[in-house]
Structures are given as structure tokens and as C-alpha cells.
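J.: Pasted the sequence and its predicted model underneath.
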Amino acid sequence: MRSHFFPTLAAVLAIIVFSHALTSNAVANTPPSLPTEPYILTPPPPATPRINGPGVFGVRPGSPFLYTIPATGEHPMTFSAKNLPADLILDGNTGRITGELGVKGEHIVTLVAKNALGVSAKKFRIVCGDRIALTPPMGWNSWNCFAGEVSADHVKRAAAAMVKSGLINHGWTYINIDDYWQNHRSSDDPTLRGPARDAQREHPAQPAIFRHERTRRLRPRPWPQNRNLFVSRPVDLRRLFRQLGARTAGRRDLRQMGF
């Protein structure tokens, strides 16, 4: 005798209710769709002047000094500084401070930014000594975008974008040219080997890049005097950082990086 299964009305209703509960729960837990257009939550800076950036800046005796006062607000804007060391010069239109300090010491300066709507002042400590990395560097690094494909054009366009976007007015100052610009003659990778860049063992594009970045009030890295350490010998990171340590970072900074 053949048997047939016929679900009761109660069983059918239970299945329908259970399915509806699952569907409702899935809809309720579905995350909201992401916006398709880019948006910025940060409110725009006020039209009145406001000096941003750190309150301290470090430099070694005899090294080039380059600092642009990071200030937001409506332009035109003028800049001034009280108690600025005599060896440093401030461009009142751009806010760029340049020069060279030859003696160790600290200088407490008052930076001032002014436009038609108001005035902003900020205490600023200039430290000339052996420790220069007094604040985390804010800027752009070529490796994050281009890795081994970095070029002079990439660096220049990144610098232009940092200025055009207004990041320079919020304390973004560094343009770091990372790896792949040096000549690694002992590498197994043929793309890293080649003849010396020129008679002075320098990359022909780099002097122009450094001049270009400085005209934009940015701080190009690496420093020109350190460039020779890369292009003149095989890369040994531990030895390299020991050599650069006397010029660019304190010993404690190097220990924190694991060298």
C-alpha cells in the first residue's frame, strides 16, 4: 500500500511564518549601502586666520632651515614673527622661513598670521641641536603610491597636489622620495643596477626636484648631502643608518627603529 504525505494547514502556515521571519531578519541586518559620491565630513576651516602645525621645530647647526607657517583662512594673508633669530628670514607673503643657524640653542618665537578678518598668533619653539625629529613628519611618501615606478614627474605632481589641496596649510610639509632612486650596483635585480648617474655619482633629476619642492615651500627628502651615500655604494641598511644617524637622527631614534 502506497503512502502519501500531505502537510497539514498548520504545518504550511508555520513554514510561511518561519520564512517571513528569516527574510525580515536578513533585511533588518543588512548594512546600509555606501555612498556612491565622495564626501568630506570635516568642516571647512573658518575664513579668519588660524595657525596650525606643531609648536616646535628641530634643525641641526649648519643645516638648511626651511619651515612654512601652516595657516588657514581667507587670502590674501600676511605673516610676521617676533623674536625670530637674526640668521633666519621670513617671507611675509608666503610664510616661508629660511636661513641657517650656526649655534646650538633654543629660540621662542611668536608666529603671526593676519588677513582682513583677524589675526592669529602662536608660540613656536625652534631647537637647534642634535635632535631634529621632534615631531612625527607629516607628508607624502613615494613608496605608498608608486613603489619602484617613482619618477621625477610623480614627485612634482604629488608636491603640487599637497599645495593645491591645502594640506600644506595644515602642517603637511614633507616630500619623501623613498627607495628606487638610488643606484644599487650589487643587486641581483638588473633594474636596480646601472652606471653612476653622472660624473659626481648623482641622479641628474634630483637637484631639479629639490629646487622644485623648495619653491613650493615643502621639505624634500632625502637631503642632498645624504644622497651620495646611496648612489656611491651597495645598500647596507644597518651601516647606512649608522652613517645617516650623525646627520639626520639621534641615537635613541635609531634604537627605536630597531637599528
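T.: Structure received.

J.: got the contact list for stretch 104-118?
T.: Applying Cβ atoms under 8 Å, 6 or more residues apart in numbering, the contact partners of stretch 104-118 are 47-51, 61, 69, 71, 73-85, 95, 119-130. Just so you know, the C-beta spots here come from the backbone N, C-alpha and C atoms, and that holds for glycine as well.

J.: switch the cut-off to 7 Å
T.: 47-49, 51, 61, 69, 71, 73-85, 119-129 (Cβ atoms under 7 Å, 6 or more residues apart in numbering).

J.: Mind giving me the ChimeraX command for buried ones among those?
T.: Buried subset of the contacts of stretch 104-118, written as a ChimeraX selection, criterion 16 or more other Cβ atoms under 10 Å:
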select :49,51,69,71,73,77,79,80,81,84,85,120,122,124,126,127,128,129
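
J.: where are the low-confidence patches of the chain?
T.: Low-confidence segments of the chain (pLDDT under 70): 1-30, 180-259.

J.: domain ranges for it?
T.: With domains defined by automatic domain parsing, the chain comprises 50-128, 139-256.

J.: Can you tell me the SS state at residue 120?
T.: Following DSSP: H, G, I helix; E, B strand; the rest coil, residue 120 is assigned to strand.

J.: mind listing what it touches?
T.: By Cβ under 7 Å, 6+ apart, the residues touching residue 120 are 49-51, 71, 113.

J.: mind listing the strands for the stretch 51-200 of the chain?
T.: With DSSP state E, counting those that start in this stretch, the ranges of strands along the stretch 51-200 of the chain come out as 56-59, 64-68, 71-72, 78-82, 88-90, 96-100, 105-115, 118-128, 139-141, 174-176.

J.: And the helices in this protein?
T.: All helices of the chain, identified by DSSP state H, fall at 9-28, 142-146, 152-164, 206-215, 224-231, 237-248, 251-256.

J.: CA atoms only: put the third one into CSV for me.
T.: Taking C-alpha atoms only, helix 152-164 is exported to CSV below (Å, rounded to 0.1, in the frame of the first residue of the first chain):
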residue,chain,number,x,y,z
ALA,A,152,60.5,63.0,-11.1
ASP,A,153,57.1,63.7,-12.6
HIS,A,154,55.3,61.7,-9.9
VAL,A,155,57.2,63.6,-7.2
LYS,A,156,56.4,67.0,-8.7
ARG,A,157,52.7,66.2,-9.1
ALA,A,158,52.5,65.0,-5.6
ALA,A,159,54.0,68.2,-4.3
ALA,A,160,51.6,70.3,-6.4
ALA,A,161,48.7,68.3,-5.1
MET,A,162,49.8,68.9,-1.5
VAL,A,163,49.8,72.6,-2.1
LYS,A,164,46.6,72.8,-4.2
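
J.: and that helix, what does it pack onto?
T.: helix 142-146, strand 174-176, helix 206-215 (3 or more Cβ pairs under 7 Å, 6 or more residues apart in numbering; DSSP states H and E).

J.: So what's the residue count around the residue lying closest to residue 143 once chain neighbours are set aside?
T.: Ranked by Cβ to Cβ, 6 or more residues apart in numbering and with sequence neighbours excluded, the top spatial neighbour of residue 143 is residue 178, at 4.0 Å. The number of residues packed near residue 178 is 16, by other Cβ atoms under 10 Å.

J.: Residue 178 against residue 142, yeah?
T.: Yes: with contact defined as Cβ atoms under 7 Å, residue 178 and residue 142 form a contacting pair (5.0 Å).

J.: Before I go, just wanted to say thanks for your time.
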